[in-house]
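# sequence? don't have it. structure:
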C-alpha cells in the first residue's frame, strides 16, 4: 500500500448555525462544528434532525438565518462551487449521455480539453471495473453501476469537500461495500475533507474517524464520538470487537433520540 | 397442516401454513420482462416450516420477487409445484397476505377504512371488521390515527397500516417484498421490530424478501440465499439468535450477529461474482 498524501484541503467551519423552515420548523439550532482539513466525519441522527439541511448549507444550496459557515476560509452563504460537491442517494446521471460521457461532462465543465476529459473519464471507469460498460447509457446499467459512475463523476472533479447524503443506502451489499471501499481509498490517498450523512450506525463507524450524533428536531449536536480504528479501514474486519464496541456506543446514544423522534411522530403524524 | 384456531387478546388467529416448492422453474418469454427473458427460477426446492420466519436474499435478477409472486398465486410456475398448507396454489387468496415496498393505501379512505376494506369485502360484519382492524392498528402503535388519511402519515406509519391491512384478513402466510426498502435505516429498524413482534404473537408463516443482508439476519430464523439467475437455493443459514430480538437492544452489535451477517455477506458476494462471470 503506497501512502500518497497528495494534497490537503481546507476545513469546514460551522459556527452557531440556525436554520428555520417556514412557518416555524427549527431544523438546526445553534449548531457549531469544526471539520479539520482532510478528515472524514459522519453525521447520524433520526429523520428530521437536520443532517441533510446542514449538508445542503455546506454545499451552498440552502440558506440559513443565523451563524457562519466557512470552507477553506471562504464564507458560504448560498454560493456553490465545484470545490464542494454532493454525492446523493440517487446520483441522477444524464440519461442521454453514456457512462463515460457523464464523467467526461463534469471534467469538461471544469475546463479540461475534450480529449483529456475523455481520457481521464475512461481511466476512472476502468478503475471501477466498468470498462465494458463505458459506452452504455444509464438505463442499461444496474443501480449499483449507475451509482459507481455517479461517484466517479464527483470524484473525477477533485472536489475539496465531499458531501455525502446517504450515498450508498439504496444499494445491495456488494455494490455498497465496493463503493464504501472506493471512497475510503480515495479519501486516504487524497486527504480531502469528507462529511458523510447516514442513518446506518455500522456504516458511520466503519467509514469515519469521527461520528457526530444529532438530536431529534430541533437538530443540535449531542455528542461527537471518536472512532479509534486505523485509517486503513479496509484492514478492519466488520465483525471486529473494536468496531462493534463503538457501534454499540453510538447506537445506544442515538436510541434515546430515535425514541424522542418517534414520540414526536406519534403526536403529529409525520 | 390443518389450520387450528387460537385466540389472542379476544381476536381469533389461525396458525401459519407450511410452504413447499418442488422443482419449481419459471421461464419468461424474451422481451416480456425488463430483463432478457429466459429461465428465471431453475428447479428450486424449498420447504418452510409452519409458523416460521424465513427471509430470501440473492443477487439482483435472481428471481426473489418472482418466487414471491408464485407463492402469492399472482402467476403460475412453468414447471414444478407450489404448495401452501398442503394445497396447490392456483391463484391469489386472502389466506396469503402480501406487503410491497409501496404501502399502496387507498388515499381516499381513512386508516381504519383502509384496514376494514378486506374483511368487509369477504362478508365480515362492520362491527367485527372494525374490532379486528382496531386491534391490529393498536398493536402497531397507530391507535391515535384511525381517522387520519394516508397523506397525513410518515412512510413508516403508512407501511404499518399496510401490515395491519395484510394481517387483518388472518392469512396463514404473510409474504413481504422489500417492504421497508423505501424507509430510512433507523425507521426501518423500528418497523422490523414491529413485524417481529407481530410474527411472535400470531405465529403465521412469514416469508420476507430483502436486499439488506443484515436485515435478513436480524428478522428471520433462516436466511435462504438464492444463486444468481436462474435462481435456485444456493445456501440456507440458520440464525440461532433469541426469538424476542426487539427486546435485546445490543443484539445488532453482538459478535454472534456480526458473524452471521459476515457469513451471509460472503456467500452473497460469491453468488454475485458468479453472476458477473457468467455474463
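Yep, it's here. Since we're looking at a predicted model, the values are computed, not measured.
# any weak-confidence spans in chain A?
Scanning chain A for pLDDT under 70 picks out A:1-9, A:265-270.
# domain-wise, how is it divided?
Domains of chain A are assigned by automatic domain parsing as A:12-83+A:160-268, A:94-158.
# which of the ones you listed sits closest to chain B?
Of all those, it is domain A:12-83+A:160-268 that lies closest to chain B, at 3.5 Å by CB to the nearest CB. For glycine as for every other residue, the C-beta is placed from the backbone atoms N, C-alpha and C.
# next to chain A, which bits of chain B? Give me the list.
Chain B has residues B:59-60, B:141, B:144-145, B:148, B:152-154, B:156-157, B:184-187, B:190, B:211-214, B:249-250, B:252-255, B:258-259, B:261-262, B:265, B:268-269, B:272 near chain A, with proximity defined as CB under 8 Å from any CB of the partner chain.
# which among these end up buried?
Using 16 or more other CB atoms under 10 Å in any protein chain shown as the burial test, those include B:59-60, B:145, B:148, B:153-154, B:156-157, B:184-187, B:190, B:211-214, B:252-253, B:258, B:261-262, B:265, B:268-269, B:272 as buried.
# all strands for the chain, in order.
No chain in the question, so chain A it is. Here chain A has its strands, by DSSP state E, at A:12-21, A:25-35, A:40-44, A:66-71, A:74-75, A:84-87, A:161-165, A:193-197, A:210-214, A:221-226.
# I was after chain B.
Counting by DSSP E, the strands of chain B are B:5-8, B:11-14, B:19-28, B:38-48, B:53-57, B:79-84, B:87-88, B:96-99, B:173-177, B:205-209, B:222-226, B:233-238.
# could you dump those strands to JSON lines with mean neighbour count?
Formatted as JSON lines, the strands of chain B follow (neighbours: other CB atoms under 10 Å in any protein chain shown):
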{"stretch": "strand B:5-8", "mean neighbour count": "10"}
{"stretch": "strand B:11-14", "mean neighbour count": "16"}
{"stretch": "strand B:19-28", "mean neighbour count": "19"}
{"stretch": "strand B:38-48", "mean neighbour count": "18"}
{"stretch": "strand B:53-57", "mean neighbour count": "26"}
{"stretch": "strand B:79-84", "mean neighbour count": "17"}
{"stretch": "strand B:87-88", "mean neighbour count": "12"}
{"stretch": "strand B:96-99", "mean neighbour count": "23"}
{"stretch": "strand B:173-177", "mean neighbour count": "24"}
{"stretch": "strand B:205-209", "mean neighbour count": "25"}
{"stretch": "strand B:222-226", "mean neighbour count": "23"}
{"stretch": "strand B:233-238", "mean neighbour count": "15"}
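# so can I have CSV of the ones you listed showing mean pLDDT and distance to residue A:14?
Listed next are the strands of chain B as CSV, based on pLDDT from 0 to 100; distance: least, CB to CB, whole Å:
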stretch, mean pLDDT, distance to residue A:14
strand B:5-8, 45, 51
strand B:11-14, 50, 52
strand B:19-28, 93, 53
strand B:38-48, 92, 50
strand B:53-57, 96, 40
strand B:79-84, 95, 56
strand B:87-88, 93, 62
strand B:96-99, 92, 41
strand B:173-177, 95, 41
strand B:205-209, 96, 41
strand B:222-226, 96, 42
strand B:233-238, 95, 44
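# looking at these, which is nearest to residue A:22?
When the strands of chain B are compared by CB to CB, strand B:96-99 sits nearest residue A:22, at 35.8 Å.
# now do the contacts for the residue nearest to residue B:105 when sequence neighbours are not counted.
The shortest distance from residue B:105 to any non-neighbouring residue, by CB to CB, 6 or more residues apart in numbering or on different chains, is to residue B:150 (4.2 Å). Contacts for residue B:150 (CB atoms under 8 Å, 6 or more residues apart in numbering or on different chains) come out as B:103, B:105, B:106, B:107, B:111, B:114, B:158, B:161.
# now with 10 Å?
Counting by CB atoms under 10 Å, 6 or more residues apart in numbering or on different chains, residue B:150 makes contact with B:103-111, B:114, B:157-158, B:161-162.
# kindly report the same for residue A:182.
A:127, A:128, A:148, A:151, A:152, A:155.
# OK, contacts around the spatially most central residue of chain A?
Among the residues of chain A, residue A:164 comes closest to the average C-alpha position under CA atoms, centre = their mean, at 1.6 Å. The neighbourhood of residue A:164, defined by CB under 10 Å, 6+ apart, consists of A:40, A:42-43, A:55, A:85-89, A:151, A:154, A:183, A:194-198, A:207.
# cool, and residue A:257?
Contacts of residue A:257 by CB under 10 Å, 6+ apart are A:44, A:45, A:46, A:49, A:213, A:214, A:215, A:216, A:217, A:219, A:222, B:186.
# for residue A:142, state which of the residues you listed is nearest.
For those, the nearest to residue A:142 is residue B:186 (26.5 Å; CB to CB).
# so the residue lying closest to that closest one once chain neighbours are set aside versus residue B:192, what's the distance?
Spatial nearest neighbour of residue B:186, chain neighbours left out: residue A:199 (4.9 Å); criterion: CB to CB, 6+ apart. Using CB to CB, to the nearest Å, one obtains 13 Å as the distance from residue A:199 to residue B:192.
# overlap in contacts of those two?
With CB under 10 Å, 6+ apart as the test, residue A:199 and residue B:192 both reach residue B:183.
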